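Visitor: Quick one, fold the following:
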Amino acid sequence: MKICLRCLGDPGYQQGIGQELGVSQATVSRTVDRVANSIAAHSNECIKFPTANHELMEAKRIWQSMYKFPTAIGVIDCTHIANLKPNRHGDEYINRKGKPTLNVQATCDAREMFTSVDVSWRGSVHDSRIWRNSQTRS
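Guide: Predicted coordinates:
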């Protein structure tokens, strides 16, 4: 579990994580795969989203008290999605970790429903630039 949590918490290179924890890269890969598959297999038992209005309001109250955002009505974030490096302008898809990606911005509301998803940005583009150019912002 420690190997999986370390890898998920900072998904750098598996070889470096393995060296840090005293195991091989192959062990890191197999461990993350097994733990993730086990979590997915039990997800219906363990992961529950609020369905009733009172559950949603309680979850929102807890979230707001934990993160100190009392007026939050949703969230926005970007994430990198692995992509094959295109032949044309391929270097523009290389992110700060040296991997070819798309930088995807998504927003969701207080009901955990996506309200927008923008997949048009190359991996080299910083989150703040995507936000500055976002239709959601305007």
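Visitor: Can you give the contact residues for the longest helix along the chain?
Guide: Scanning the chain for the helix with the most residues, using DSSP state H, yields helix 25-41. Residues outside helix 25-41 that contact it (C-beta atoms under 8 Å, 6 or more residues apart in numbering) are 1, 3-4, 7-8, 14-15, 17-18, 21, 23, 46. Just so you know, the C-beta spots here come from the backbone N, C-alpha and C atoms, and that holds for glycine as well.
Visitor: my guess is residue 78 is in a strand, correct?
Guide: Yes. Counting by DSSP: H, G, I helix; E, B strand; the rest coil, residue 78 is part of a strand.
Visitor: Pull the number of nearby residues for it.
Guide: 18 (other C-beta atoms under 10 Å).
Visitor: In space, what's closest to it - neighbours in sequence excluded?
Guide: residue 127 (4.2 Å; C-beta to C-beta, 6 or more residues apart in numbering).
Visitor: what sits against the most centrally placed residue in the chain?
Guide: Geometric centre of the chain, nearest residue: residue 79, 5.4 Å, by C-alpha atoms, centre = their mean. Residues counted as contacts of residue 79 (C-beta under 8 Å, 6+ apart) are 103-104, 106.
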